[in-house]
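Enquirer: got a predicted model here, sequence first, then my questions.
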Amino acid sequence: MQHETMVYDLFLVFAGAAVLATAALWARQALIVAYIVLGILLGPSGFSLLPDPGFVAGIAEIGIIFLLFLLGLNLHPQKLVMLFRSALGVTLLTSLAFAAAGGGVAWLFGFGGWDLAIIAIASMFSSTIIGLKLLPASVLHHQHTGGVIISILLLQDIVAILCLLAIRALGLGDATPWQLLLFLIGLPLLVGIAFAAQRWVLMPLLARFDTIREYVFLLAIGWCLGLAELAGWIGLSAEIGAFIAGVAIAANPVSLFIAESLRPLRDFFLVLFFFAMGAALDLAMMPQVWLSSAVLAGVMLVLKPLLFRWTLQRWGEAGDSAGEIGIRLGQISEFSLLISVLALSSGLIGERAGYVVQTATLLTFLISPYLIVLRYPTPIGVSEALRRD
C-alpha cells in the first residue's frame with residue numbers, strides 16, 4: 001500500500017507538472033512558477049489530492065543539496081578570485097541596499113526583531129534559476145553580459161549560503177555545549193576533511209577509473225551525499241556540506257562532466273522541492289500578508305533593475321548592458337525561500353513573516369520573466385528574433 005501511495009504521489013506531481021509547465025511556457029513563465037502553483041492546487045489549501053505531502057517534502061530537500069553541490073562545482077578557486085575582483089563591489093553595495101529596502105517595507109507593516117531582519121536578508125538576492133534559465137547560452141553565456149550576470153549571481157549565492165549558516169547557528173539556542181562546540185569547529189573541520197579526502201581518496205579513484213562514466217556518476221553522488229551527511233552530523237546543514245563537496249573538486253576537469261551528469265537528477269528533485277513549497281502554503285494566511293507581500297514584491301521589481309543599472313554604470317558598464325543585467329536580476333531568489341523556511345523551522349520568525357517572504361518571492365517569479373522575455377533574447381522568447389538557445 002505504501003508503494004502504491006508513493007507511485008500515486010509521484011504520478012500526480014510529475015503529470016501535473018508536465019501539464020502546468022506546458023501552460024507556463026505558453027505564458028512565457030519560469031517553470032518554477034508552475035511547480036509552486038501545482039503544489040498549491042494539489043495540497044491541503046487546494047483540492048487536497050495530496051493532503052499530506054510529507055513524503056514529497058522529505059525527498060525534495062535532496063534537490064537543494066544537488067543544487068548547492070553543482071554551485072560549488074562551478075567555483076574553481078581561480079574563478080573565485082576573478083569574481084571577487086570583478087563583481088564584489090557591485091554585489092555587496094546592491095545587496096545592502098536591497099536589504100535596507102526590504103527592511104523598510106517590513107518596518108512599515110509592523111514587523112520588528114528577527115521578522116524584520118529575515119525579510120531584509122531575503123530581499124538581498126536575485127534568482128539564480130531564473131537568471132540562468134532565461135540566459136541564452138549561445139548568445140550571452142560566454143560573452144560579457146552573461147559573465148557579469150553569472151558573477152553577481154554566484155557571489156550572491158555565496159552570501160546566501162553564509163546567511164543560511166548563520167541562521168542555522170542562531171537556531172541552536174537550546175543546544176547542548178557539545179553541539180555548540182561541534183558547530184563552532186564544524187566548518188573548518190568539514191573543509192579540512194573534504195579537501196584531504198578529495199586529494200588522497202577521491203582524486204586517485206577518479207584518475208584510475210575516470211573512463212567509466214557510470215562509476216564517475218555514482219562516485220560523485222556518493223561524495224555529495226556523504227559530505228552532506230557528515231555536515232549534518234557535525235551540526236551544520238546538509239546543504240553546506242554539499243556546497244563544500246562541490247568546491248573541493250571544482251579544480252578537477254572531471255567536475256565539468258559531473259555537473260552535466262547531475263543536472264537532470266537535480267531538476268528531478270527541484271520539481272519536488274518547489275512543489276512541496278507550494279503545498280505548504282496556507283491560503284488562509286493570504287488575507288494577512290497579501291498587501292505587505294505585494295508592496296515588497298513591487299519595491300524589489302522596481303528597485304533592483306534601477307539600482308543594478310545605476311551601480312553597474314558607475315563601475316564602467318555600458319548603459320544598455322547595465323539595463324539588461326538589471327532587468328534579468330530584478331526578482332527575489334529561491335534562496336530567499338530557503339532562508340524563510342529555515343528561519344521559520346528554527347523558531348526565529350513567525351508564520352506571518354515567513355509567508356510574506358514566500359508570497360513576495362512567488363509574485364516576482366510571476367512578473368519578472370515577462371519583463372525579461374518581452375525585451376531580451378531567451379530560450380522562450382515571444383518572437384523568433386528573441387528566441388535564442
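Expert: Structure received.

Enquirer: C-alpha only now, for contacts and for neighbours.
Expert: Will do.

Enquirer: so where is the protein shaky, pLDDT-wise?
Expert: Along the chain, segments meeting pLDDT under 70 span 1-4, 52-55, 57, 77-86, 137-143, 172-182, 380-389.

Enquirer: would you mind putting the CA coordinates of stretch 212-225 into PDB?
Expert: The C-alpha trace of stretch 212-225 is given here as PDB (Å, rounded to 0.1, in the frame of the first residue of the first chain):
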ATOM      1  CA  ILE A 212      33.900   4.600 -16.800                       C
ATOM      2  CA  ARG A 213      31.200   7.200 -16.800                       C
ATOM      3  CA  GLU A 214      28.800   5.200 -14.700                       C
ATOM      4  CA  TYR A 215      31.400   4.900 -11.900                       C
ATOM      5  CA  VAL A 216      32.200   8.600 -12.000                       C
ATOM      6  CA  PHE A 217      28.400   9.400 -11.800                       C
ATOM      7  CA  LEU A 218      28.000   7.100  -8.700                       C
ATOM      8  CA  LEU A 219      31.100   8.300  -7.100                       C
ATOM      9  CA  ALA A 220      30.000  11.900  -7.500                       C
ATOM     10  CA  ILE A 221      26.600  11.200  -5.900                       C
ATOM     11  CA  GLY A 222      28.200   9.300  -3.000                       C
ATOM     12  CA  TRP A 223      30.700  12.100  -2.500                       C
ATOM     13  CA  CYS A 224      28.000  14.800  -2.400                       C
ATOM     14  CA  LEU A 225      25.600  12.900  -0.100                       C
END
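
Enquirer: residues in contact with that stretch?
Expert: For stretch 212-225, contacts defined as CA atoms under 8 Å, 6 or more residues apart in numbering pick out 65-66, 69, 206, 209-210, 241-242, 245-246, 258, 261-262.

Enquirer: would you mark the buried spots in the host helix or strand of Cys163?
Expert: According to DSSP states H and E, Cys163 maps onto helix 144-170. By neighbour count on 16 or more other CA atoms under 10 Å, the buried set for helix 144-170 is 145-146, 148-161, 163-165, 167-169.

Enquirer: repeat that for stretch 279-291.
Expert: Buried residues in stretch 279-291, counted by 16+ other CA under 10 Å: Ala279, Ala280, Leu281, Val289.

Enquirer: tabulate those residues (a markdown table), appending distance to Ala251 and secondary structure.
Expert: Below are these laid out as a markdown table (distance: CA to CA, whole Å; DSSP: H, G, I helix; E, B strand; the rest coil):
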| residue | distance to Ala251 | secondary structure |
| --- | --- | --- |
| Ala279 | 39 | helix |
| Ala280 | 39 | helix |
| Leu281 | 40 | coil |
| Val289 | 45 | helix |
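
Enquirer: doesn't Gly110 fall inside a helix?
Expert: No - counting by DSSP: H, G, I helix; E, B strand; the rest coil, Gly110 is not part of a helix but coil.

Enquirer: next, it: phi, psi?
Expert: phi 90, psi 10 (degrees, to the nearest 10).

Enquirer: so it versus Ala294, what's the distance?
Expert: Applying CA to CA, to the nearest Å, the value for Gly110 to Ala294 is 15 Å.

Enquirer: if we can go back for a sec, could you point out the helix or strand that follows the helix holding Cys163?
Expert: Once helix 144-170 ends, the next helix or strand along the chain (criterion: DSSP H and E) is helix 177-197.

Enquirer: and for that following helix, what's in contact with it?
Expert: By CA under 8 Å, 6+ apart, helix 177-197 touches Ala169, Leu172, Leu227, Leu230, Ala231, Ile234, Gly235, Leu236, Gly241, Ile244, Ala245, Ala248.

Enquirer: what's the burial count for the fifth one?
Expert: The reference is to Ala231. As a burial measure, Ala231 scores 24 neighbours (other CA atoms under 10 Å).
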